[in-house]
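Participant: next input, structure requested:
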Amino acid sequence: MAAGMVVAGCKSAPDLTQAQALTMIQAKYDATAPTGAGVTVNNDGMVAGVTAKYWTRTTIYPNKYWADFTLTADGKKVLKLESGGDVIKWRPQSPTDKDFSIAVETVQANHLKARDIKDVQDGVGGIKTVTFTEGVDLTGVPDALVAIAHNPGNQLTTTRTANFMVTNGAWALQSIQ
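Facilitator: Got it, this is the predicted structure:
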C-alpha cells in the first residue's frame, strides 16, 4: 500500500516548450517599464548626427579636432545626452583617435525583446534553463539614429539564460541572468 501511495504521489512536471519559455520571458520584459536605448556615438556617428541635423557644431578648438556640438530641436526630439544637458563635448585624444565616443539615449522608450530561444535544458533540482538572445528594440526610432546605433561600439543584443521552476503545477519564470 505504501508503494502505491509513493507512485500515486509522484507527478512528473509538465513539459516546458521553447514557445512557452519565450512567452514568459517576453511577458516579464513587457511588465517592466520601457526605457530608451543607450547608443554609443563614435566619429562616424558624429558625422551622421550632423547630417541628420541632430546636432550642430558650435565651437571648434585651436587643435582642430576638439569641438562642441549643440543638440538641435530635431535632436532633442529623438535623443538625450546621457551626461545631461544639450552640449556634446567632443574631446578625442588625437585627430586619428578612433576609440573616442559619447553616449546618448533614445527618447523613444521600448521594452527589450527576447528571441532565438535555444533548446530547454534540465537543470539541478527540477529547474529548467533556456538560453536566448535579449535585444534592444529600436521601433519608432528614426532611421538615422538606428544607423548610428549599428555603428561599432554598440551592443544591441546579449545572450541571457532564463531559469524556470514548477510552481503550483505549472512552469514559472524564476530568473533571467
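Participant: can you pull out the low-pLDDT segments for this protein?
Facilitator: Along the chain, segments meeting pLDDT under 70 span 1-12.
Participant: middle-most residue in it, spatially?
Facilitator: residue 136 (3.5 Å; C-alpha atoms, centre = their mean).
Participant: if I pick that one, what's in contact with it?
Facilitator: Residues in contact with residue 136, defined by C-beta atoms under 8 Å, 6 or more residues apart in numbering, are 37, 110, 112, 113, 149, 156, 157. Yep, even glycine has a C-beta here, placed from its N, CA and C like the rest.
Participant: keep only those of those residues that are in helices.
Facilitator: Among the contacts of residue 136, the members found in helices (DSSP state H) are residue 149.
Participant: quick one: buried ones out of the contacts of residue 136?
Facilitator: The neighbour-count criterion (16 or more other C-beta atoms under 10 Å) marks 37, 110, 112, 113, 149 among the contacts of residue 136 as buried.
Participant: hmm, who's touching the longest strand seen in the chain?
Facilitator: Longest strand in the chain, counting residues (DSSP state E): strand 157-167. Under the criterion C-beta under 8 Å, 6+ apart, residues 13-14, 16, 21, 24-25, 114, 123, 126-136, 171-177 lie in contact with strand 157-167.
Participant: parallel or antiparallel, list what pairs with that strand.
Facilitator: Strand 157-167 has its sheet partners listed here by DSSP bridges as strand 128-135 (antiparallel), strand 170-176 (antiparallel).
Participant: right, so these: which one is the most enclosed?
Facilitator: Neighbour counts (mean count of other C-beta atoms under 10 Å) averaged over each of the strands paired with strand 157-167 peak at strand 128-135, with a mean of 18.
Participant: with just CA atoms, put it into PDB.
Facilitator: Taking Å, rounded to 0.1, in the frame of the first residue of the first chain, the C-alpha atoms of strand 128-135 are listed here in PDB:
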ATOM      1  CA  LYS A 128      14.800  24.100 -16.400                       C
ATOM      2  CA  THR A 129      17.100  26.600 -18.200                       C
ATOM      3  CA  VAL A 130      17.000  28.100 -21.700                       C
ATOM      4  CA  THR A 131      19.400  30.300 -23.400                       C
ATOM      5  CA  PHE A 132      18.100  33.200 -25.600                       C
ATOM      6  CA  THR A 133      19.000  36.400 -27.200                       C
ATOM      7  CA  GLU A 134      17.900  39.600 -25.500                       C
ATOM      8  CA  GLY A 135      17.700  42.500 -28.000                       C
END
